[in-house]
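Visitor: Sequence and predicted structure below; questions after.
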Amino acid sequence: MFFKNAKWRASGTVLVLLWFCWLLSFLDRMVITVALPYIAEDFELTSTHQGLIISTFFMGYALFQIPGGMLADRFGFRKMTSIAVGFWSLFTMLTGVVFYYPLFLGVRFFFGIGEAPLPGSSYKAIATYYPKRLRGRMTSIQSTVNTLGPAFASVLAAYFISIFGWRHLFIFLAIPGFVIAFLFYRLVRDKPQDNPRMSSEALQELKEDEPATNVTKPKAKMSAIFKNSLVWKAGLVWFFFDLTFWGFTSWLPSYLMNERDLSLQATGFYNALPYLVGTVAMLCGGAMSDRFKEQRRFIFAFSILIAAISLFFIIKVPSVEIALLLQCVTAWFLFLSQGIFWGIVVDILPTDQMATGSSVVNCLGSIAGIVSPILIGRLLDLSGGSYATTFIYLAVCLVLAGLIVPTLKIQKTI
């Protein structure tokens, strides 16, 4: 009904706009990984101080993650998404105009606060506009920005920095953010029934899919989210997964330039390759999450183990070409797992608590984003710039995530 009927365009519009919101969020946060060596040169920073720049974003992101989700449940994802995109775009612009390192950290902190409401708001939007049978695939489509964002960021940042310098890059990226914030508020509604482009058939399926929304049934208490062990298990999986993800994405450009002696342009291109591979893997993971609901947690565990092994051997091989191939193998299984994981999350949470529940899970990933970049920076300083220890650390984190997933009983609901 959602795709055979021409009036599906309402839910399609929501998904497309969410996709662009996420794409912009990843562009804004990921271009700094390519710009980091040049920012370090301007500010005369150590590796530890460079890692702190990445981590400071996640401090704000983690701090406001759960409150942002609660506000989306309370006031609607439409308002919170529009406000969030406009707010973080302002601080994206400010990133390019500050010249004092502590102030630079403050700007990145508030940039993280601005992005914090987006995850909960977007998962609530998908749960609101799509039935459960499609949520894994729709979530994976939205999540392709987790791969395309870093890929575009690598190419875009390398091009802009080589011509205009790193400061102009952030000023430029603020412009589409203000446009997207306006379009989301103008075109999206919090309730599908308020959108004239939703078909009656689609609305009926949504109604049948969510019997808990019946007004005669008492609304579940918000405290149930925080007391449910399933939420915290999923959050712990995401914490270990993101220790690797944010460590890998934050330091991969520096690794290619410093350890493999690639130029800025070559780094921009080869850093993008794993994420392009990961885009296809993400879509496959979402489809598998919908297709193999009972087996998907074991598929996740197996995939994450292969990613860990591949990641470990990147630093061991002498050939640049083989290292780049292993990066792509790592990315395939890493993002296949991610597509599966968020299909699980949007299935196990009730729609009226989706923003808060998914924010709890994502918040633990944000904490990993605080820890991992600065920890890797510290490991690099202690090892004299060697990446061997850091890649072992990233692989171990993936193994821990894979060990927890089989205990995630996905058939349970809140």
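Guide: Good, I have the coordinates.

Visitor: Just give me the residue closest to the centre of the protein.
Guide: Nearest residue to the geometric centre of the chain (C-alpha atoms, centre = their mean): N146, 5.1 Å.

Visitor: Tell me who's in contact with it.
Guide: Contact analysis of N146 by C-beta atoms under 8 Å, 6 or more residues apart in numbering lists W22, F26, G278, M282, F335, Q338. The way it works is simple: take the backbone N, C-alpha and C, and place the C-beta from them, glycine included.

Visitor: Now do the buried residues in the longest helix that the chain contains.
Guide: With secondary structure taken from DSSP state H, the chain has its longest helix at helix 9-43. Neighbour counts over helix 9-43 (16 or more other C-beta atoms under 10 Å) mark 10-11, 13-15, 17-40 as buried.

Visitor: From the contact counts, what lies against the worst-scoring helix or strand of the chain on mean pLDDT?
Guide: Among the helices and strands of the chain, helix 223-227 carries the lowest confidence by mean pLDDT, DSSP states H and E, at a mean of 72. Judged by 3 or more C-beta pairs under 8 Å, 6 or more residues apart in numbering; DSSP states H and E, helix 223-227 is in contact with helix 354-382.

Visitor: pLDDT on the helix it packs on, on average?
Guide: For helix 354-382, mean pLDDT is 83.

Visitor: Name the next helix or strand following that helix along the chain.
Guide: With elements assigned by DSSP states H and E, the helix or strand that comes after helix 354-382 is helix 388-404.

Visitor: Show me the shaky parts of the stretch 301-414 of the chain.
Guide: For the stretch 301-414 of the chain, the stretches flagged by pLDDT under 70 are 350-352, 409-414.

Visitor: swap that for the chain, please
Guide: Scanning the chain for pLDDT under 70 picks out the ranges 1-9, 209-223, 350-352, 409-414.

Visitor: re earlier: can you give me the angle the helix or strand hosting the residue nearest to the centre of the chain makes with helix 9-43?
Guide: Assigned by DSSP H and E, N146 belongs to helix 145-163. With axes from the mean of the first three to the mean of the last three C-alpha atoms, to 10 degrees applied, the angle from helix 145-163 to helix 9-43 works out at 40 degrees.

Visitor: In JSON lines: the contacts of N146, plus distance to T81.
Guide: Listed next are those as JSON lines, based on distance: C-beta to C-beta, whole Å:
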{"residue": "W22", "distance to T81": "10"}
{"residue": "F26", "distance to T81": "15"}
{"residue": "G278", "distance to T81": "24"}
{"residue": "M282", "distance to T81": "21"}
{"residue": "F335", "distance to T81": "24"}
{"residue": "Q338", "distance to T81": "21"}
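
Visitor: A234: which of those residues is nearest?
Guide: For the contacts of N146, the closest approach to A234 (C-beta to C-beta) belongs to Q338, at 12.6 Å.

Visitor: List the residues that contact that closest one.
Guide: Shown in contact with Q338 (C-beta under 8 Å, 6+ apart): S143, N146, F241, F245, M282, G285.

Visitor: And for A125?
Guide: By C-beta under 8 Å, 6+ apart, A125 lies in contact with V14, L18, F77, T81, V188.

Visitor: How are the helices of the stretch 101-250 of the chain distributed by residue range?
Guide: Using DSSP state H, counting those that start in this stretch, the helices of the stretch 101-250 of the chain run over residues 101-115, 117-129, 132-143, 145-163, 166-187, 200-209, 223-227, 229-258.

Visitor: In TSV, list those along with distance to S310.
Guide: Shown next, in TSV, are the helices of the stretch 101-250 of the chain (distance: least, C-beta to C-beta, whole Å):
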stretch	distance to S310
helix 101-115	29
helix 117-129	27
helix 132-143	21
helix 145-163	16
helix 166-187	31
helix 200-209	38
helix 223-227	35
helix 229-258	11
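
Visitor: between these, which one is nearest to Q50?
Guide: Smallest distance to Q50 across those (C-beta to C-beta): 7.9 Å, for helix 229-258.

Visitor: Centre of the chain to stretch 259-272, how far?
Guide: 23 Å (C-alpha atoms, centre = their mean, to the nearest Å).

Visitor: could you dump it to CSV, C-alpha only?
Guide: This file holds the C-alpha atoms of stretch 259-272, laid out as CSV (Å, rounded to 0.1, in the frame of the first residue of the first chain):
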residue,chain,number,x,y,z
GLU,A,259,51.1,6.2,8.0
ARG,A,260,50.5,5.4,4.3
ASP,A,261,52.0,8.7,3.0
LEU,A,262,49.0,9.6,0.8
SER,A,263,48.4,13.1,-0.5
LEU,A,264,45.4,15.2,0.5
GLN,A,265,43.6,14.5,-2.8
ALA,A,266,44.4,10.7,-2.6
THR,A,267,43.2,10.6,1.0
GLY,A,268,40.0,12.3,0.1
PHE,A,269,39.4,9.6,-2.6
TYR,A,270,40.5,6.5,-0.8
ASN,A,271,38.9,7.5,2.5
ALA,A,272,35.6,7.7,0.6
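
Visitor: Can you give me the separation between G120 and H49?
Guide: Going from G120 to H49 by C-beta to C-beta, to the nearest Å gives 31 Å.

Visitor: So for these two, which sits in the more crowded spot?
Guide: Between G120 and H49, G120 has the larger neighbour count (other C-beta atoms under 10 Å), namely 32 against 17.

Visitor: so how many other residues sit close to the closest residue to the more buried one other than its chain neighbours?
Guide: Closest residue to G120 apart from its sequence neighbours, by C-beta to C-beta, 6 or more residues apart in numbering: G69 at 2.9 Å. When neighbours are counted by other C-beta under 10 Å, G69 registers 32.

Visitor: Alright, I will stop here.
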